[in-house]
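Asks: How does the following fold in three dimensions:
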Amino acid sequence: MGQNCPLDPGGNRPGKAAPDPDEPTQPCLAQSESTYLEETVTIPTRRVDGRTNSRGTVQLNKRVGPDGKPVWEVVDFTWGEVGVATPEVGGGPVKGGVWGGYTVTNGKVYGGFHDEKEARRFFEDLKEHRIGSDVKFTVRTNPVSGGLVWLGTRLPWVGDDFDRYMGGSEPDRKPTSEYLDDGLTGGVKADIELSSIKVPLKGRGWVVTGSQNNLQNGEKTTYYTQRGEAEAGVQIDVSRLVRLLPEPARTRAKQGFADGIDAVMVLVEQELGKNGLKMLPGQRAQVRAAVKLNPSIGLNYKHRGGTTWAVTQDENGNVVRLSQVQNGQDILYARVDGKLKADGEGAKAQGTLGQQWILFAQRTLTEKTMDASKPEEREVIERYLRDGDDGAVERAWDDGLGTMGRTTYDNTGETSKLEAKGDGGGKPKSRWGIFEIGRETERHTLQSAEFYKPGTGWVPWAKCR
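Replies: Sure, this is the predicted structure:
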């Protein structure tokens, strides 16, 4: 799943029963779906590698307020990262490296949709505009090339058209809130290869601070977030197993690999055609003869987790509330990968095409709030602002102050990826660098919603549905 916007937007009616004082008053997230497109470029240098990364995400969220009425919102955000990475190190069956750098995220929330069809139409249009083209997105958002695109959008007469063509222009609808954060990011990647079995391991994390401005009521929320994800998989090299097959099964399997390369070539030509390029028959035959396909299958497990602490002030600078959001997700994927290798004179190139499907996934979102309008809770907030003791705030929540809501979701979705790199004359690291791009779609369907009631425990949150 991609990430959410860091914070969620935040009376009795005549003839209605008084609300439960322990029930959260902030809107709950009843449903969410998102698509992201992410690219990474690693550029080799003499001692360390330069690394750039960007991700564009468009989300459609359904929120339900304390009155039980649903409202939809569309979240549009992009992050960029720039840093350094170690070249691939290690020996024998174990290879890997680490990286770290600076990250910045800019996002907008388009809320206030009371009709789901209208919200979905806006979501689909914005998704196509922002991340419909892999090439445009990569050129526009990569920290290296993005500056040139920005200059192009400032050209007289043609700048606005160019911005719209590249997917950077803003929609006509005005956002209801916007946010900006920055901080540090880093990660580790390793591969363990044991004969026909490969165990890929990945981890990455972020520590960021930022602020979100509510453009409707003037509230400003300052937040601090720590989040990370860890990933482990098992892949079986099918091409090695094929060598053990008896004839004629081995020949049929090799013909299947050849058909797979033809299918890939068709996809490549289709992508080239979208960008006005065409592969000639002679070029196609030359590439086809140089390419070898090594497929693999396996499973992949990923855990995502994060915690955000936030303080919200009204338009006059007065503290309104203190909140915490904990986000955890576990995902099990089935995966299929195909490694393409091409040998040329004095150089080699290889690419990996991969696809993952969610077999099982569950996400849990826990949101806690202290209301500054209540004296006891205000005292907790002031103590936190004075000494930063978040443990004391946690104990106050556990003792019954404030409100706590917990929602659990079932997830479905899939991820596709492409990685390409070129080696120069057998040098120990890639001379041309490494380019990776991936696209993920994910849908979160509410399974249960609860809020915490002191003396009783977690009880059903009926309005969140």
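Asks: Specify which residues of the protein, grouped into ranges, have pLDDT under the cut-off.
Replies: Residue ranges of the chain with pLDDT under 70: 1-18, 238-294, 340-349, 422-433.
Asks: can you give me the helices for it?
Replies: 116-131, 134-141, 146-153, 159-166, 238-242, 249-274, 281-290, 375-387, 390-398 (DSSP state H).
Asks: Just the CA atoms from stretch 56-66 would do, formatted as PDB, please.
Replies: Presented in PDB, the C-alpha positions along stretch 56-66 are these (Å, rounded to 0.1, in the frame of the first residue of the first chain):
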ATOM      1  CA  GLY A  56       3.800   9.500  -7.000                       C
ATOM      2  CA  THR A  57       0.700   8.300  -5.200                       C
ATOM      3  CA  VAL A  58      -3.000   9.000  -5.800                       C
ATOM      4  CA  GLN A  59      -5.500   7.700  -3.200                       C
ATOM      5  CA  LEU A  60      -9.300   7.600  -2.900                       C
ATOM      6  CA  ASN A  61     -10.500   7.500   0.800                       C
ATOM      7  CA  LYS A  62     -13.900   7.200   2.300                       C
ATOM      8  CA  ARG A  63     -14.300   8.800   5.700                       C
ATOM      9  CA  VAL A  64     -17.200   8.700   8.100                       C
ATOM     10  CA  GLY A  65     -17.700  11.500  10.600                       C
ATOM     11  CA  PRO A  66     -19.300  11.400  14.000                       C
END
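Asks: And that stretch, how far out from the chain middle?
Replies: The chain centroid and the centroid of stretch 56-66 are separated by 15 Å under CA atoms, centre = their mean, to the nearest Å.
Asks: hey, what's Met404 bridged with?
Replies: For Met404, the beta-bridge assignment (DSSP bridges) gives partners Lys368.
Asks: From what I see, it and Ala449 are in contact.
Replies: No: using CB atoms under 8 Å as the test, Met404 is too far from Ala449 to be in contact (12.0 Å). For glycine as for every other residue, the C-beta is placed from the backbone atoms N, C-alpha and C.
Asks: which residues in the stretch 301-450 of the chain form strands?
Replies: Counting by DSSP state E, counting those that start in this stretch, the stretch 301-450 of the chain has strands at residues 319-344, 347-371, 403-424, 433-453.
Asks: Which among those strands is found nearest to Ala119?
Replies: Ala119 lies closest, by CB to CB, to one member of the strands of the stretch 301-450 of the chain: strand 433-453, at 14.8 Å.
Asks: Give the pairing partners of the closest one; include direction for each.
Replies: Counting by DSSP bridges, strand 433-453 is paired with strand 28-44 (antiparallel), strand 403-424 (antiparallel), strand 457-460 (antiparallel).
Asks: any idea how far that strand is from the chain center?
Replies: On CA atoms, centre = their mean, the centre of strand 433-453 falls 8 Å from that of its chain.
Asks: Please name the residues that touch the nearest residue to Lys174 once chain neighbours are set aside.
Replies: Once flanking residues are discounted, Lys174 sits nearest to Leu215: 7.5 Å by CB to CB, 6 or more residues apart in numbering. With contacts defined as CB atoms under 8 Å, 6 or more residues apart in numbering, the neighbours of Leu215 are 174-178.
Asks: need these in TSV with neighbour count and distance to Val311, can you?
Replies: Below are the contacts of Leu215 laid out as TSV (neighbours: other CB atoms under 10 Å; distance: CB to CB, whole Å):
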residue	neighbour count	distance to Val311
Lys174	11	26
Pro175	21	22
Thr176	17	20
Ser177	23	16
Glu178	17	18
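Asks: Filter these down to the ones in strands?
Replies: Residues of the contacts of Leu215 located in strands (DSSP state E): 177-178.
Asks: Just put the contacts of Leu215 in JSON lines and tack on distance to Glu367.
Replies: Formatted as JSON lines, these follow (distance: CB to CB, whole Å):
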{"residue": "Lys174", "distance to Glu367": "26"}
{"residue": "Pro175", "distance to Glu367": "22"}
{"residue": "Thr176", "distance to Glu367": "19"}
{"residue": "Ser177", "distance to Glu367": "17"}
{"residue": "Glu178", "distance to Glu367": "21"}
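Asks: Closest one of the contacts of Leu215 to Arg154?
Replies: For the contacts of Leu215, the nearest to Arg154 is Glu178 (21.4 Å; CB to CB).
Asks: I'd guessed the closest one sits against Thr105; true?
Replies: No: assessed by CB under 8 Å, Glu178 is found out of contact with Thr105, at 11.2 Å.
Asks: separation between Trp206 and Glu367?
Replies: In this view, Trp206 and Glu367 are 20 Å apart by CB to CB, to the nearest Å.
Asks: Contact partners for Val320?
Replies: Taking CB under 8 Å, 6+ apart, we find Val320 in contact with 219, 312-314, 371-373.
Asks: if we go to 10 Å?
Replies: Residues in contact with Val320 (CB atoms under 10 Å, 6 or more residues apart in numbering) are 10, 217, 219-221, 311-314, 371-373, 381.
Asks: Setting aside sequence neighbours, what's the nearest residue to it?
Replies: Thr312 (4.6 Å).
Asks: Bridged to the one you found, which residues?
Replies: Thr221, Arg321.
Asks: Quick check: it vs Gly107, distance?
Replies: 17 Å.
Asks: Need the residues touching each of Met404 and Ala449.
Replies: By CB under 10 Å, 6+ apart, Met404 and Ala449 have these common neighbours: Pro24.
Asks: Mind putting the strands of the stretch 301-450 of the chain into CSV with distance to Ala119?
Replies: Output for the strands of the stretch 301-450 of the chain, formatted as CSV (distance: least, CB to CB, whole Å):
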stretch, distance to Ala119
strand 319-344, 22
strand 347-371, 20
strand 403-424, 19
strand 433-453, 15
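Asks: Thr86 is nearest to which of these?
Replies: Thr86 sits nearest to strand 433-453 of all the strands of the stretch 301-450 of the chain, at 12.9 Å, using CB to CB.
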